[in-house]
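> coords please:
(one chain, ligands or ions: 1)
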Amino acid sequence: MTKHDQLHRFLFESHSVRGELVSVSETYQRMLENHNFPQPVQQLLGELLVATSLLTATLKFNGDITVQIQGDGPVKLAVINGNNQQQMRGTARIDGGVDAAAGLRDMIGNGYMVITVTPDEGERYQGVVALEGETLSECLDAYFKQSEQLPTRLFIRTGMQDGKMAAGGMLLQILPGAQEGSDNMFDHLVQLTATIKGEELFTLDVKEILRRLYHEENVTLYEPQCVEFRCSCSRQRCADTLVTIPDADIQEILQQDGKIDMECEFCGVHYIFDENAINEIKASK
Ligand SMILES: [Zn+2]
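Take a look at the predicted model:
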């Protein structure tokens, strides 16, 4: 049986290493329902979803993270956005055919990965890394090596479980101020964690997974957090965008279609504005 989506944080107290474990299969399925993506794109979005969930869980403040991959291949953009409440959404833009056996580079071509961290209060910051690896995990490893952040490793698994798409993953990170020599212990824990199988992540209880992976270690497990698909779009946000469009352009669309139809590319919801609605929005500004 598939588990409900949860994120778990844990700590190896004697080694100054923290960990996370997440299962996101339900969120993943909800996200894909709104679209009709080819299988390799679905898999890529699953990997990005796991990565974004794990990364947002490292935030020490309220805010959100967007992980996007873009390039000159048939998949122009694959993006996941998630916040520290573990509300996740995602989509892809495709222009051209995607082979059933396509890998990351076949889909994206020459491109890069952009990670944008947006605190609710304060400056946003962005990290960019060229897509040189063959997998998303390799690109993330390159990102963490290049950025001056704490040593961090992600382990991402996607696949099928009980006939449904499934995704999950783990993260290990050295704590700030860790003692010298902790690198060796980190490498050891990385090797243990790398043995995690998708099926274990998708089906087993977190305690059972931690026992299997680290049976000689003392692990402190914290209260879990729920992960869910939720889009932050709204009629108000669309209205805010509408007022930035030049009047002449709006009039042209109204004359042609009688209304303005804004579709959210994440969740597929349509927000419809007719002339009256647009006049009201403008009057209220
Ligand atoms: Zn939406």
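> so the closest residue to the ion within the stretch 1-150 of the chain is in which element?
The stretch 1-150 of the chain approaches the ion most closely through residue 89 (6.7 Å), counting by Cβ to the ion. Yep, even glycine has a C-beta here, placed from its N, CA and C like the rest. Here residue 89 sits within strand 87-94, counting by DSSP states H and E.
> distance between that strand and the chain's centre?
Here the centre of strand 87-94 is set off from its chain's centre by 8 Å, with Cα atoms, centre = their mean, to the nearest Å.
> what is the rounded mean pLDDT of it?
What strand 87-94 shows for mean pLDDT is 96.
> need the next SSE after it, C-terminal direction.
Using DSSP H and E, the next helix or strand after strand 87-94 towards the C-terminus is helix 104-108.
> Next SSE downstream of that following helix?
Criterion used, DSSP H and E; the element after helix 104-108 is strand 111-119.
> So what's the model's average confidence on that next one?
pLDDT averaged over strand 111-119 gives 95.
> Likewise for stretch 249-260?
Averaged across stretch 249-260, pLDDT comes to 92.
> picking that back up, neighbours of the residue of the stretch 1-150 of the chain closest to the ion, just the number please.
Residues contacting residue 89 under the criterion other Cβ atoms under 10 Å number 26.
> May I have the beta-bridge partners of it?
residue 81 (DSSP bridges).
> Please apply the same query to residue 171.
Going by DSSP bridges, residue 171 forms beta bridges with residue 20, residue 154.
> Check whether residue 19 really touches residue 169, as I assumed.
No. With contacts counted by Cβ atoms under 8 Å, residue 19 stays clear of residue 169, the gap being 11.1 Å.
> could I get stretch 129-141 in CSV with only the CA atoms?
Listed in CSV are the C-alpha atoms of stretch 129-141, where the atom choice follows Å, rounded to 0.1, in the frame of the first residue of the first chain:
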residue,chain,number,x,y,z
VAL,A,129,24.3,25.6,-12.8
ALA,A,130,24.8,24.4,-16.3
LEU,A,131,23.3,21.1,-17.2
GLU,A,132,26.3,18.9,-17.5
GLY,A,133,25.3,15.7,-15.7
GLU,A,134,23.1,13.0,-17.2
THR,A,135,20.7,13.0,-14.3
LEU,A,136,19.0,15.5,-12.1
SER,A,137,20.9,14.1,-9.1
GLU,A,138,24.2,14.8,-10.8
CYS,A,139,23.2,18.4,-11.6
LEU,A,140,22.1,18.9,-8.0
ASP,A,141,25.5,17.6,-6.8
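> which other residues reach it?
Residues from elsewhere that reach stretch 129-141 (Cβ atoms under 8 Å, 6 or more residues apart in numbering): 44, 47-48, 51, 69, 71, 103-105, 108, 110-113, 142-143, 146, 153-156.
> how about 6 Å then?
If you take Cβ atoms under 6 Å, 6 or more residues apart in numbering as the criterion, stretch 129-141 is touched by 47, 104, 108, 111-113, 142-143, 146, 154, 156.
> Filter these down to the buried ones and express that as a PyMOL selection.
Remark: buried members of the contacts of stretch 129-141, expressed as a PyMOL selection using 16 or more other Cβ atoms under 10 Å:
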select buried, resi 47+104+108+111+113+142+143+154+156
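> can you put the contacts of stretch 129-141 in JSON lines and add distance to the ion?
Converted to JSON lines, the contacts of stretch 129-141 look like this (distance: Cβ to the ion, whole Å):
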{"residue": "47", "distance to the ion": "22"}
{"residue": "104", "distance to the ion": "26"}
{"residue": "108", "distance to the ion": "24"}
{"residue": "111", "distance to the ion": "25"}
{"residue": "112", "distance to the ion": "25"}
{"residue": "113", "distance to the ion": "23"}
{"residue": "142", "distance to the ion": "31"}
{"residue": "143", "distance to the ion": "27"}
{"residue": "146", "distance to the ion": "32"}
{"residue": "154", "distance to the ion": "26"}
{"residue": "156", "distance to the ion": "25"}
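> about what we covered before: would you mark the buried spots in the strand holding residue 89?
87-92, 94.
> What about residue 268, how many residues nearby?
13.
> and it, helix, strand or coil?
Classification of residue 268 by DSSP: H, G, I helix; E, B strand; the rest coil places it in coil.
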